[in-house]
Every structure is written in structure tokens, then in C-alpha cells.
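Chemist: Just to be clear, the model below is a prediction. Sequence and coordinates:
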Amino acid sequence: QNILDTTFTVDNEHNYKEIYINGYKAYFIEDEVSIFLKWTDGHYWFTINAPISYKDSIVNISENISEKN
């Protein structure tokens, strides 16, 4: 989790797709060994990096992330 003044780039030409987490667009990128998932709620950037073997689990988990009050 980072504040919004953090910048990043997305390689949108290779194994890139957009998914939604709680209605927010998320950037999902994978390569031969890892996955990268990044999204913002308008206040913070959230990032998940994991080994490629966790791809299905991370996507399923990310679709069930919710804000805790």
C-alpha cells in the first residue's frame, strides 16, 4: 500500500489484463515466474506480487477484497 504520489508503469503489451476489485480497475500482469496486481481506491495504491504458481489464488482472493471499517 502506497500513497497516490507514487508512480509506476505497466507493460500492457505482454500478458496484461484489467480486472476489477470492488469496482476499481486493477492492472494484472504476469511473466514466466511472477504475477503483479495493482489498483487504487482513489486514496492509496495497493500492490500484490506473488509467484506465478499463486495466480489463480491471487485473482480469486483479489475479487473478494473489501474495505474493513
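Modeler: Structure's in. What do you need?
Chemist: Can you find the helix or strand of this protein with the lowest average pLDDT?
Modeler: Ranked by mean pLDDT, DSSP states H and E, the weakest helix or strand in the chain is strand 2-3, scoring a mean of 64.
Chemist: Mind checking what helix or strand follows that strand in sequence?
Modeler: Remark: after strand 2-3, the chain's next helix or strand is strand 16-21, criterion DSSP states H and E.
Chemist: in stretch 62-69, what's buried?
Modeler: Using 16 or more other Cβ atoms under 10 Å as the burial criterion, the residues of stretch 62-69 that qualify are residue 62. Using the backbone N, CA and C atoms, a C-beta is placed for each residue, glycine as well.
Chemist: what do you get for stretch 31-38?
Modeler: Residues of stretch 31-38 classed as buried: 35-38 (neighbour count, 16+ other Cβ under 10 Å).
Chemist: Now do whichever strand or helix holds residue 61 against strand 16-21, angle only.
Modeler: According to DSSP H and E, residue 61 maps onto helix 55-62. For helix 55-62 against strand 16-21, the angle between stretch directions is 30 degrees (axes from the mean of the first three to the mean of the last three Cα atoms, to 10 degrees).
Chemist: Now do helix 55-62: which elements does it pack against?
Modeler: Applying 3 or more Cβ pairs under 8 Å, 6 or more residues apart in numbering; DSSP states H and E, we find helix 55-62 packed against strand 16-21, strand 24-30, strand 34-40, strand 44-51.
Chemist: pLDDT of the first one, averaged?
Modeler: So that's strand 16-21. In this model, strand 16-21 carries a mean pLDDT of 86.
Chemist: which other residues reach it?
Modeler: 10, 25-29, 39, 59, 62-63, 65 (Cβ atoms under 8 Å, 6 or more residues apart in numbering).
Chemist: how about CSV for the helices and strands packed on helix 55-62, with distance to residue 4 added?
Modeler: Converted to CSV, the helices and strands packed on helix 55-62 look like this (distance: least, Cβ to Cβ, whole Å):
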stretch, distance to residue 4
strand 16-21, 16
strand 24-30, 13
strand 34-40, 7
strand 44-51, 6
